[in-house]
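Q: my questions concern the predicted model and sequence given below.
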Amino acid sequence: MSRPAPRLMLVAPFLLVVAAMTGAAWHYGYRQALDELSRRGEADLALVLGGLISDLQRYRDQAVALADHPSLTLLTGAPRAADRRRATQVLIAAADRTGAGALHFVDREGRPRAGTAPRPDGFARSPAFRRAMDGALGSAHGHDAAGRRYFEFAAPSFGADGRVNGAVIAVAMAESMEFGWRGMSTAVFLVEAGGTVFLTNRSELLGWGKVPGKAELVPPEGPPLRFGQSLTGPHEIWQIALGPYLPRRALQVAQVLPRIGMTGAALVDVAPARRLAALPAGALAVLLLFFGALLLMAQERRRALARANAQLERRVAERTERLTRTNRALHREIRERQEAEAALRRAQAELVQAGKLGALGKMSAGISHELSQPLMAIRQFAANGGAFLKRGAPGKAAENLARIDEMAHRMDRIIRNLRAFVRNENEPMGRVDMVRVVEAALEMTAERLESDGIALDWRAPPGPVLVRGGEVRLGQVLVNLITNAADAMAESAERRLAITLDPGAPVRLAVRDTGPGIEEPEKIFDPFYTTKDVGREGMGLGLSISYGLVQSFGGRIAGTNTGAGAVFTVELDPWPEERAA
Ligand code: ADP
C-alpha cells in the first residue's frame with residue numbers, strides 16, 4: 001500500500017463530516033437569524049403600514065367632517081363668488097392643518113366649486129366621487145393626468161332636503177406618504193389588487209407587476225429579470241437582481257390591507273443573517289479542523305513510530321541472523337581449531353617419538369658397542385671361571401662370577417636407560433636429581449665421546465641437585481645437547497665438552513663445546529632447522545623438542561656462542577624442599 005492512500009482515506013471522510021457539520025451549524029444559525037429577521041421585517045412593515053393607514057384615515061375623516069361644514073353646504077345651485085371664496089379658504093385652511101394634498105368641494109356633476117387647484121381631468125369619472133353621489137363614503141387611488149399617484153376620499157354632502165348636494169374630496173399624494181419611509185433599510189412596497197406596485201420606498205420598483213398566481217415581480221417593460229424564490233423553513237427568500245438599492249437575497253414578509261385593497265410587503269436583506277450564521281459555523285469548522293489536524297498528526301506520528309519500530313525490528317532480526325551465522329561460523333572454527341590443536345598435539349607427540357628414535361638411530365652403533373663389550377667380557381669371564389673350577393680354584397672362579405654379575409648389572413643399566421629414553425608414555429612431573437640425569441646421559445653417549453676423542457669436563461656436585469621435571473624427558477634433552485656438541489666438534493682440532501651444574505634458584509646446567517659455534521642462533525629452536533645432512537645426520541627436531549620439554553617444566557633453554565664454541569644453558573626450578581633446605 002502506498003503512503004498517501006490511507007491518509008486520503010482518513011482525511012476525505014473527515015473533511016466530509018466537517019463540511020456536513022459546518023453546513024448543519026450554518027443552517028441552524030441561519031434559521032435562527034431568519035426568524036429574528038422575519039420578526040424585525042414584520043415589525044417594520046407593520047409600522048409603515050400602520051402609519052399609512054392612520055394617514056389615510058385622517059384624510060378620510062377630514063373629508064367626512066368637512067362635508068357638513070356650513071360654508072360648503074351653501075355651495076348648491078349657483079353659488080355666489082364670495083361664498084365660493086370663503087369655502088375655498090375653509091378648505092385650504094383645513095388642508096394646511098392636516099397636510100392633505102388637496103381638498104375640493106364638487107357639485108353633483110363633479111364640477112369643482114371650491115378648493116385648491118383641482119385636477120385638470122375633474123372628478124366626474126372618479127369611482128370615489130360616484131360612490132359619494134350614492135350617499136356613501138368613497139375612496140380610490142390612481143394616477144392623475146401628470147402621472148402622479150394619489151389616494152382620494154369622497155364624502156357626500158347632504159342638503160337640507162337630505163339629498164346629496166355634492167361631495168368633499170380629499171386628495172393625498174402618494175409621494176408625500178412614501179417620503180417618511182425613504183431612509184428605511186428595509187424595502188417596502190404595496191401592491192394594489194391589480195398586481196401593480198403602487199407605493200414603495202424603492203422608486204425602481206414602482207409600476208412593477210406581479211405575475212398572476214406567482215410571487216415573482218416583473219418590470220413594467222422589457223424582459224423579466226432573474227428572479228428566484230425558495231423556502232427556508234417558513235420563510236420565503238427571494239433572489240433578485242433589481243439594482244444596487246435592493247438586496248440580492250431577501251426575506252419577504254407580507255401583510256394584506258383589506259381596507260385599501262392592497263398587500264404590503266417588505267424585503268429584508270438576509271446578508272446579515274448569513275454573516276451571523278457563518279460566524280459560529282466558521283468557528284466550529286476551525287475547531288473541528290484544528291482537532292482533526294491534531295488527530296491526524298497523532299495518527300501520523302503513531303504510524304511513523306510503527307514504521308520506525310518495524311524497521312528496527314527488521315534490522316534487529318537481520319543483525320541477529322548475521323550474528324547467528326557468525327556464531328555458527330565461530331563454533332565451526334573453534335571446533336576446527338580444537339581438532340587442529342589435537343592433531344598438532346598428536347603430531348608433536350609423534351615428533352617427540354620420532355626425535356627420540358632419530359637420536360637412538362644415531363646412537364645405535366655406540367649402543368651395540370656398549371652392549372657387545374660387556375657381553376664379550378662376560379663370555380671371557382665365564383670361560384675363565386670354568387677353567388678355574390676345573391683347576392680346583394673355586395676362589396678365582398667366584399671372582400670371575402662376581403665380574404660377570406657386575407657386567408650383567410652394567411648391561412641392565414644400559415638397557416634400562418635406553419628403554420626409559422624410548423618409552424612413549426606420559427611421565428608425571430616430580431622430583432628429579434639432575435646429577436643422575438647428567439650421568440645417565442653421559443653413560444648413553446660415552447661410546448660416541450670416546451670414539452670422537454672428545455675430552456669430558458664434568459665434575460658432579462657433592463650431593464643431589466633436585467629440580468622439578470621429568471627424568472626421562474630431561475635425559476632426552478641432555479642426550480640431545482651432548483650429541484649436538486659432539487656433532488659440532490667433528491671438524492674441530494680441540495674437542496672438549498664441559499658440563500656444569502649450578503644448584504640454586506634457578507638450577508643452572510650448561511653444556512659447552514669447542515666447536516665452530518652456532519650459525520644462526522635465532523633459528524636453532526625452529527622445528528626442522530638443521531645445518532646437517534637431512535635424514536642421515538639430522539632432522540632439525542632435537543632442539544625444538546628440547547625447547548618444548550624444558551618449557552613444559554617451567555624452565556628456559558638458550559643457546560649462544562662463547563667465542564670459542566657454543567654454550568647451551570638449561571634453567572629449571574629447584575625442587576621446593578631443596579630450596580627450603
Ligand atoms: P639436528 O641436530 O638434527 O640438526 P637440532 O635441532 O638438534 O637438529 O639442531 C639444530 C641446529 O642447531 C643444528 O643443525 C646446528 O646447526 C645447530 N646446533 C645445535 N647445537 C649446536 C652446537 N653445539 N654448536 C653449533 N651449532 C649447533
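A: Perfect, thanks for sending it.
Q: just give me the neighbour total for the residue in the stretch 301-450 of the chain positioned nearest to the ligand.
A: Residue nearest to the ligand within the stretch 301-450 of the chain: residue 358 (7.2 Å; CB to the nearest ligand atom). Heads up, the C-betas are built off the backbone N, CA and C, glycines and all. Other residues within reach of residue 358, judged by other CB atoms under 10 Å, total 19.
Q: make sure it is indeed in a helix.
A: Yes - assignment of residue 358 by DSSP: H, G, I helix; E, B strand; the rest coil places it within a helix.
Q: can you name the residues of the stretch 251-400 of the chain that neighbour the ligand?
A: On the criterion CB under 6 Å from any ligand atom, the ligand has no neighbours in the stretch 251-400 of the chain.
Q: nope, the stretch 401-550 of the chain is what I meant
A: For the stretch 401-550 of the chain, the contact set with the ligand under CB under 6 Å from any ligand atom comprises 480, 484-485, 488, 513, 515, 517-519, 524, 529-532, 538-544.
Q: just the buried residues out of these, in PyMOL syntax.
A: Command for PyMOL, covering only those of those found buried under the criterion 16 or more other CB atoms under 10 Å:
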select buried, resi 480+484+485+488+513+515+517+518+524+529+530+538+539+540+541+542+543+544
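Q: in helices, which of the residues of the stretch 401-550 of the chain next to the ligand fall?
A: 480, 484, 485, 488, 542, 543, 544 (DSSP state H).
Q: tell me the SS of residue 453?
A: Of the three states, residue 453 takes coil under three-state DSSP.
Q: wait, it touches residue 495, no?
A: Yes - counting by CB atoms under 8 Å, residue 495 is a contact partner of residue 453 at 6.0 Å.
Q: so between these two, which is more surrounded?
A: residue 495 (21 against 8).
Q: next, the contact list for the more buried one, please.
A: Applying CB atoms under 8 Å, 6 or more residues apart in numbering to residue 495 gives the contacts 452, 453, 454, 455, 489, 513, 514.
Q: cutoff 10 Å now
A: 449, 452-456, 485-486, 488-489, 513-515, 565 (CB atoms under 10 Å, 6 or more residues apart in numbering).
Q: how about these in CSV, adding pLDDT?
A: Shown next, in CSV, are the contacts of residue 495 (pLDDT from 0 to 100):
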residue, pLDDT
449, 91
452, 92
453, 94
454, 95
455, 95
456, 95
485, 95
486, 94
488, 93
489, 94
513, 96
514, 95
515, 94
565, 94
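Q: return the member of those residues nearest to the ligand.
A: Of those, the one sitting nearest to the ligand (CB to the nearest ligand atom) turns out to be residue 488, at 3.4 Å.
Q: find the nearest non-adjacent residue to the closest one, please.
A: Sequence neighbours aside, residue 515 is the residue nearest to residue 488 in space, at 3.0 Å (criterion: CB to CB, 6 or more residues apart in numbering).
Q: what's around residue 492, how many residues?
A: Close neighbours of residue 492, defined as other CB under 10 Å, add up to 16.
Q: actually residue 493, sorry about that
A: By other CB under 10 Å, 6 other residues sit near residue 493.
Q: that one contacts residue 565, correct?
A: No - counting by CB atoms under 10 Å, residue 565 is not a contact partner of residue 493; they are 12.0 Å apart.
Q: re the thing from before, show me the contacts for the residue nearest to residue 488.
A: By CB under 10 Å, 6+ apart, the contact list for residue 515 reads 484-492, 494-497, 561, 564-566.
Q: any of those residues buried? List them.
A: 484, 485, 486, 487, 488, 489, 492, 495, 496, 497, 565, 566.
Q: any idea which of those is closest to residue 415?
A: residue 486 (22.3 Å; CB to CB).
Q: for this structure, give me the ranges with low pLDDT.
A: Residue ranges of the chain with pLDDT under 70: 1-6, 100, 118, 120, 360-366, 417, 420-427, 534-538, 578-581.
Q: try 50 this time
A: Scanning the chain for pLDDT under 50 picks out the ranges 1-2, 578-581.
Q: what segments of it are helices?
A: 4-67, 70-73, 81-98, 127-133, 174-178, 271-390, 394-422, 434-451, 471-488, 542-552, 576-580.
Q: report the buried residues of the fifth one.
A: It stands for helix 174-178. Buried, per 16+ other CB under 10 Å, within helix 174-178: 174, 177, 178.
Q: tell me how far that helix lies from the chain's centre.
A: 76 Å (CA atoms, centre = their mean, to the nearest Å).
Q: that helix packs against which elements?
A: helix 4-67, strand 138-143, strand 149-158, strand 187-192, strand 197-200 (3 or more CB pairs under 10 Å, 6 or more residues apart in numbering; DSSP states H and E).
Q: who does the second one pair up with?
A: Read it as strand 138-143. With DSSP bridges as the test, strand 138-143 is paired with strand 149-158 (antiparallel).
Q: could you tell me the angle between the partner strand and helix 4-67?
A: 30 degrees (axes from the mean of the first three to the mean of the last three CA atoms, to 10 degrees).
Q: residue 519 is in contact with residue 559, correct?
A: No - using CB under 10 Å, residue 559 makes no contact with residue 519, being 11.2 Å away.
Q: shared neighbours, these two?
A: residue 566.
Q: picking that back up, surely the residue of the stretch 301-450 of the chain closest to the ligand and residue 539 touch.
A: Yes - look at residue 358 against residue 539 with CB under 10 Å: they come within range, at 5.4 Å.
Q: and residue 323, what does it touch?
A: residue 330.
Q: and the gap between the residue nearest the centre of the chain and residue 217?
A: Among the residues of the chain, the one closest to the centroid is residue 304, at 3.0 Å (CA atoms, centre = their mean). Look at residue 304 and residue 217: by CB to CB, to the nearest Å, they are 62 Å apart.
Q: residue 55 now?
A: 25 Å.
Q: okay, the two: which has more neighbours?
A: The neighbour comparison of residue 55 against residue 217 (other CB under 10 Å) goes to residue 217, with 23 against 18.
Q: residues near residue 58, how many?
A: Counted with other CB under 10 Å, residue 58 comes out at 16.
Q: excluding chain neighbours, what is closest to it?
A: Nearest residue to residue 58, sequence neighbours excluded (CB to CB, 6+ apart): residue 98, at 5.8 Å.
Q: could you do residue 121 as well?
A: Distances taken as CB to CB, 6+ apart place residue 145 nearest to residue 121, at 5.1 Å, with adjacent residues excluded.
Q: quick check on that neighbour: phi, psi?
A: phi -60, psi -30 (degrees, to the nearest 10).
Q: so it touches residue 125, yeah?
A: No - using CB under 10 Å, residue 145 is not in contact with residue 125, being 11.7 Å away.
Q: intersection of neighbour lists for these two?
A: Counting by CB under 10 Å, 6+ apart, nothing touches both residue 145 and residue 125.
Q: from the ligand, how far off is residue 83?
A: Residue 83 sits 178 Å away from the ligand, taking CB to the nearest ligand atom, to the nearest Å as the criterion.
Q: need the contact list for that residue.
A: Counted by CB under 10 Å, 6+ apart, residue 83 has contacts 71, 72, 74, 75, 76, 113, 114.
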